[in-house]
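Colleague: sequence unknown, structure follows:
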């Protein structure tokens, strides 16, 4: 009996070790393979270029989330334009013609995330995806860059990867702070800082530490001010972790929350993503339970899966616990992850938005990338349709500010806001009951 118990105990221990080892393995990134010589692009026929368009058309038809939104906004029924697009491609004989014509076709979807990926961005996406844990859909997506036809178009070589990673490390370690600008708009009354871009967020990087050393002392100096202005006008996005894990936790006095929904189609490229996000099958009853407007109901009814996205942000140990009025300045160039920030700020109620309606397409988990079989070019597009709990669809409605004001951001000779000419800042001062001397 004791022998049996010992055997069972050993077996369980081995099982636990195996499970732990597998989990550790899944949490680690894939190793970058050793690549051979980079292939040369093939000379293609008109028929092969058209085959690539047909392939892209089929992939987008099955996966793309915004056909109906595009038709509502612009009147363009993209899927019905196939014959027109084929005619445009009928005389394409060289790569340059194909890329310009194909990008023009994609432009009729009126979404800046839908495009042929530029060659210079291939390394950035590949190395970014390769650093993710194996279990993630992004790690799986990196495999497309390793295909010979894709490497013929994009500089995916071990030498170029090493150079890019070294350059990225050097930039991160330089510790220069150029992304944030902070100063008082009204001394002792209204604090202000602007964010030029949502840069990649790594809390251990020298650059992020430099930004923290720059911004945190300023925030501490204004913690008792009646108002704080955060300016993200002209911020075209980047990494949402920058504002969610870095900026807001230094400011909030209590947890802020927002609920949104992501909707996705049942299509081959999404299989890994659907599993990872534990998405649920979408039913008519669930759509009705959302209690949104009929147009939103009609749009989301085209999808097969959904997930509820609870986004909670807590103050961190460095937080100034600001309890004055927070104003977020926005305009139409606030897009992607910056749009997500604007949506979060409005839906959670942490800030008053001033400016013009944002650019949209912020509520999504990332971009899907696929390759064209003959040319090897990569096409990217947003993976899901995002909708706030109140029924606002990010790409259709964007985020409307609480107060409209001119989107122009006038600067003085020192690169600081010209308060007298900035109508958005003037609105902040009006709401605070302040006048300039």
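Modeller: Looks like it arrived, so ask away. Because the structure is predicted, anything quoted here is derived from the model rather than measured.
Colleague: residue nearest the centroid of the chain?
Modeller: Closest residue to the average C-alpha location of the chain: residue 337 at 4.5 Å, with C-alpha atoms, centre = their mean.
Colleague: surely residue 194 is in a helix?
Modeller: No. Counting by DSSP: H, G, I helix; E, B strand; the rest coil, residue 194 falls outside a helix, being strand.
Colleague: what's the end-to-end length of stretch 364-383?
Modeller: Taking C-alpha to C-alpha, to the nearest Å, the first and last residues of stretch 364-383 lie 7 Å apart.
Colleague: stretch 327-339 now?
Modeller: Start-to-end span of stretch 327-339 (C-alpha to C-alpha) is 15 Å.
Colleague: again with stretch 38-52
Modeller: Stretch 38-52: ends 22 Å apart by C-alpha to C-alpha.
Colleague: and that stretch, how far out from the chain's middle?
Modeller: Using C-alpha atoms, centre = their mean, to the nearest Å, the distance from the centre of stretch 38-52 to the centre of the chain it belongs to is 31 Å.
Colleague: cool, stretch 103-118 as well?
Modeller: Relative to the chain's own centre, stretch 103-118 is displaced by 16 Å; criterion: C-alpha atoms, centre = their mean.
Colleague: for stretch 38-55, same thing?
Modeller: For stretch 38-55, the distance from its own C-alpha centre to the chain's C-alpha centre is 30 Å (C-alpha atoms, centre = their mean).
Colleague: would you mark the buried spots in that stretch?
Modeller: Neighbour-count burial for stretch 38-55 flags 44, 48, 49, 50, 51, 52, 53, 55 (criterion: 16 or more other C-beta atoms under 10 Å). Quick note: C-beta positions are derived from backbone N, CA and C, even for glycine.
Colleague: and stretch 427-437, by the same measure?
Modeller: Within stretch 427-437, the residues scored as buried using 16+ other C-beta under 10 Å are 427, 428, 429, 432.
Colleague: contacts for it?
Modeller: The contact list for stretch 427-437 (C-beta atoms under 8 Å, 6 or more residues apart in numbering) reads 185-186, 189-190, 226-227, 229, 325, 327, 329, 352, 354, 403, 405, 419-420.
Colleague: between the two ends of stretch 261-281, how far is it?
Modeller: Stretch 261-281: ends 13 Å apart by C-alpha to C-alpha.
Colleague: list the buried residues for that stretch?
Modeller: Neighbour-count burial for stretch 261-281, counted by 16+ other C-beta under 10 Å, picks out 261-265, 267, 269-270, 272-274, 277, 279.
Colleague: strands of the stretch 51-200 of the chain, residue ranges please.
Modeller: For the stretch 51-200 of the chain, the strands defined by DSSP state E, counting those that start in this stretch cover 115-116, 180-186, 190-195.
Colleague: pick the most buried one from these.
Modeller: strand 190-195 (a mean of 23; mean count of other C-beta atoms under 10 Å).
Colleague: domain map for this structure?
Modeller: Domains of the chain are assigned by automatic domain parsing as 46-171, 176-367+383-431.
Colleague: save those domains as CSV, and put in distance to residue 39 and mean pLDDT too.
Modeller: Compiled in CSV, the domains of the chain are given as follows (distance: least, C-beta to C-beta, whole Å; pLDDT from 0 to 100):
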stretch, distance to residue 39, mean pLDDT
domain 46-171, 4, 93
domain 176-367+383-431, 24, 94
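Colleague: mind checking which of the buried residues of stretch 38-55 land in helices?
Modeller: Of those, the ones assigned to helices by DSSP state H are 48, 49, 50, 51, 52, 53, 55.
Colleague: now do the contacts for the fourth one.
Modeller: Shown here is residue 51, whose contacts under the criterion C-beta under 8 Å, 6+ apart are 373, 374.
Colleague: can you give me the distance of it to residue 143?
Modeller: Distance of residue 51 to residue 143, computed by C-beta to C-beta, to the nearest Å: 22 Å.
Colleague: swap in the third one?
Modeller: Here the distance between residue 50 and residue 143 works out to 26 Å (C-beta to C-beta).
Colleague: follow-up on the earlier one: would you format the domains of the chain as CSV with distance to residue 40 included?
Modeller: CSV is the format used below for those (distance: least, C-beta to C-beta, whole Å):
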stretch, distance to residue 40
domain 46-171, 6
domain 176-367+383-431, 28
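Colleague: which of those domains sits most buried?
Modeller: Counting by mean count of other C-beta under 10 Å, domain 176-367+383-431 has the highest mean neighbour count of the domains of the chain, with a mean of 19.
Colleague: where along the stretch 51-200 of the chain do the helices fall?
Modeller: 67-74, 82-89, 95-107, 122-130, 137-141, 148-151, 158-174 (DSSP state H, counting those that start in this stretch).
Colleague: show the end-to-end separation of stretch 353-363, please.
Modeller: Distance across stretch 353-363, first residue to last, is 18 Å (C-alpha to C-alpha).
Colleague: also stretch 418-436?
Modeller: Criterion C-alpha to C-alpha; first-to-last residue distance in stretch 418-436 is 12 Å.
Colleague: try stretch 329-337
Modeller: End-to-end distance for stretch 329-337, by C-alpha to C-alpha: 15 Å.
Colleague: how close does the closest residue to residue 266 other than its chain neighbours get to residue 287?
Modeller: Nearest residue to residue 266, sequence neighbours excluded (C-beta to C-beta, 6 or more residues apart in numbering): residue 304, at 3.8 Å. In this view, residue 304 and residue 287 are 12 Å apart by C-beta to C-beta.
Colleague: also residue 245?
Modeller: 32 Å.
Colleague: kindly report the same for residue 420.
Modeller: 50 Å.
Colleague: residue 31 too?
Modeller: Noted for residue 31: a distance of 44 Å to residue 287, by C-beta to C-beta.
Colleague: just residue 111 next, same as before
Modeller: Taking C-beta to C-beta, one finds residue 111 at 23 Å from residue 287.
Colleague: likewise residue 329?
Modeller: Residue 329 is 35 Å from residue 287, where distance means C-beta to C-beta.
Colleague: residue 209 now?
Modeller: On the measure of C-beta to C-beta, residue 209 and residue 287 end up 46 Å apart.
Colleague: equivalent analysis for residue 256, please.
Modeller: 28 Å.
Colleague: follow-up on the earlier one: for residue 99, state which of the contacts of stretch 427-437 is nearest.
Modeller: When the contacts of stretch 427-437 are compared for distance to residue 99 (C-beta to C-beta), residue 329 wins out at 36.7 Å.
Colleague: in the sheet, who's paired with that closest one?
Modeller: In this entry, residue 329 is beta-bridged to residue 231, residue 354, by DSSP bridges.
Colleague: nice, that's everything, thank you.
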